[in-house]
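Novice: sequence unknown, structure follows:
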């Protein structure tokens, strides 16, 4: 086969042969990089909703993560036998009983056979939580459960928080009054002065023989803002510190489910907890749906952000789809009902239901995403499905912005959701992509899932550098990229073996039952979201170092494609924005090289720049350096006062660093 290549390709091939992938090239060897900021020229406005959150049930993000519930598998539907995280103690035999349901939603129960119990050796049930139950000093834990007993049983139950080895009992309470019909029982466990720990269990035991059935056994610690059925405080505070503007919910594959039957059926996630049947998540474990649609919205309320509501659009992961037309109508109506639940008043059916569920005021809603990753739909039905949703939603709610998950022809969506999971070099290679996006295109961009996938379980510094390079491109073009969110957001790092607590590596925030930490990428996100202006400044550069990079070959439909040609990628990335009210300029610079890099900054279009300013720097000695549950603050931003500034100054960027300069300009 004869391949004809252009002269430019031949020149590049000679360059590729002469350089190793570690060689840094400058247009003018020996000179420093130059960044030019034209402070009196703007290219657009920074989207006020640019930085937000994307979440889904993966890596035990809700169950065993953000959702405050400490009992693992509280409704006995998880695992092959329904007994995940449960065991018997003191000789009690436990099993899942399908003949003794609490109700139609919770249609199984845990049967505890303690007929052989001895008075001096209590028997009962034990829950180990999600890889432990956190016990903290001087803390009140709310316990609730439904129970019934076989005829003749009248003894009390003892509820206790204990260490897993049984050596320490931290708190106990007694519950009495069991009868032959289901009742709800509530009590409080209060700890005294002690050392915080996570290798603990909840026990419910009896000293009298008998048979008892349980359902929806719950243990709640204090929650963020003391919200009933609320969220874990440390994780919520980490999210608040990111200064997000929206939450994409319910997010990703969790919306679709593996099958249509396992989709996020929002109507089954609202109302009393004991009326929520739960469902299998697409990542192989059970979701109780304690964190349902209303709790998502209250999550937004607690962070003072708005929802980006994704509605199920008739496609699920196992390539099941609903045909457009009459078959799709019930799902379109479900979406309209869902919007009504979020925004309706007491005069509407679903607005009244939200009020009944405990939230009188409607929520602010501006964005609706129709489906998720519908480019996987091999039937080609998304264009028609999107059109059916678009027409129905716009007819009733014309003010809402509709987001398509892949390109469509029949309608013009307000935004297109783009997803990117790439290596550090690949992120850097594409960091300028949005610079070339047509400003005449009426469809804006929602970068709904993106991440530099380097590091496990959470990103290392290389991941943070790739992320920061990509974010300079989004921020520099945030008149086009209106909203963006990293994914996945959470990972439980307790059990990292296959089938354990992690299903997807490289996640923003890690935690176990007791502690949590932010990855270097988390701090990069936090920096970018906290420090920016509202206008995008015109910038230019000269003598930026570049490096030759060979993209890896990729598979398409299972077939390995020819390896793409090598390309030169820049190694320093930047963007500049300005606060139109006070004139402050925010300059972001990313040095992905392992060497210190002097950069000359030239600012025009201002009268003066203060000689003293602020620098926020995230830096590591190696691209492999990272944070962990054991070393949560290994890499964190450092704020410094910087002197010697002005309209023309030189700043040396540390190796492997992200630097933000806050410059006071007039």
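Specialist: The structure has been received and is ready for your questions. Small disclaimer: the values here were computed from a predicted structure and weren't measured.
Novice: Any regions of the stretch 351-500 of the chain where pLDDT drops low?
Specialist: Judged by pLDDT under 70, the stretch 351-500 of the chain has no weakly predicted residues.
Novice: Pairing partners for the helix or strand residue 417 falls within, with directions?
Specialist: Under the criterion of DSSP states H and E, residue 417 resides in strand 415-422. Neighbouring strands of strand 415-422 in its sheet, by DSSP bridges, are strand 401-404 (parallel), strand 444-452 (parallel).
Novice: which parts of it are buried?
Specialist: Across strand 415-422, burial judged by 16 or more other C-beta atoms under 10 Å covers 415, 416, 417, 418, 419, 420, 422. The C-beta positions use only the backbone N, C-alpha and C, and glycine is treated the same way.
Novice: now for the residues you listed, which pair is the farthest apart?
Specialist: 415 and 422 (21.1 Å; C-beta to C-beta).
Novice: Give the residue farthest from the middle of this protein.
Specialist: Of all residues in the chain, residue 152 has its C-alpha farthest from the mean position, at 49.7 Å, by C-alpha atoms, centre = their mean.
Novice: which ones are touching the closest residue to that residue other than its chain neighbours?
Specialist: Take residue 152 and drop its neighbours on the chain: the residue closest to it by C-beta to C-beta, 6 or more residues apart in numbering is residue 210, 7.2 Å away. Taking C-beta atoms under 8 Å, 6 or more residues apart in numbering as the criterion, residue 210 is in contact with 114, 115, 117, 149, 150, 152, 153, 155.
Novice: End to end on stretch 400-414, go ahead and measure it.
Specialist: The first residue of stretch 400-414 is 9 Å away from its last residue (C-alpha to C-alpha, to the nearest Å).
Novice: Can you classify residue 390 as helix, strand or coil?
Specialist: State at residue 390, reduced to three classes by DSSP: H, G, I helix; E, B strand; the rest coil: helix.
Novice: Let me fix that, I meant to ask about residue 261.
Specialist: helix.
Novice: What does the pLDDT read for it?
Specialist: If you check residue 261, the pLDDT there is 97.
Novice: what about it, how many residues close to it?
Specialist: Residues near residue 261, counting by other C-beta atoms under 10 Å, number 11.
Novice: Residue 147: helix or strand, and which one exactly?
Specialist: Residue 147 belongs to strand 140-149 when assigned by DSSP H and E.
Novice: and that strand, what's its mean pLDDT?
Specialist: Here the average pLDDT along strand 140-149 is 98.
Novice: which regions of the chain sit below the pLDDT cut-off?
Specialist: In the chain, residues with pLDDT under 70: 1-22.
Novice: I figured residue 490 hits residue 232, correct?
Specialist: No - look at residue 490 against residue 232 with C-beta atoms under 8 Å: they stay out of range, at 10.1 Å.
Novice: if I've got this straight, the residue farthest from the centre of the chain is in a strand?
Specialist: No - going by three-state DSSP, the assignment for residue 152 is coil, not a strand.
Novice: helices and strands around the strand or helix carrying residue 308, which ones?
Specialist: Element membership for residue 308 (DSSP H and E) is strand 306-311. Where contact means 3 or more C-beta pairs under 8 Å, 6 or more residues apart in numbering; DSSP states H and E, strand 306-311 is packed against strand 246-249, helix 293-303, helix 329-343, strand 367-370.
Novice: what sits up against it?
Specialist: 49, 52, 245-251, 255, 296-297, 300, 334-335, 338-339, 342, 363-372, 389, 403, 446, 448, 483.
Novice: I'd like to know which of these are buried.
Specialist: By 16+ other C-beta under 10 Å, the contacts of strand 306-311 give 49, 52, 245-251, 255, 296-297, 300, 334-335, 338-339, 342, 363, 365, 367-372, 389, 403, 446, 448, 483 as buried.
Novice: Which neighbours do residue 490 and residue 232 have in common?
Specialist: 65, 66.
Novice: These two - which one has more neighbours?
Specialist: residue 490 (27 against 24).
Novice: Please name the bridge partners of the more buried one.
Specialist: residue 509.
Novice: Name all residues that make contact with it.
Specialist: Counting by C-beta under 8 Å, 6+ apart, residue 490 has contacts 55, 58-61, 65-66, 235, 507-511.
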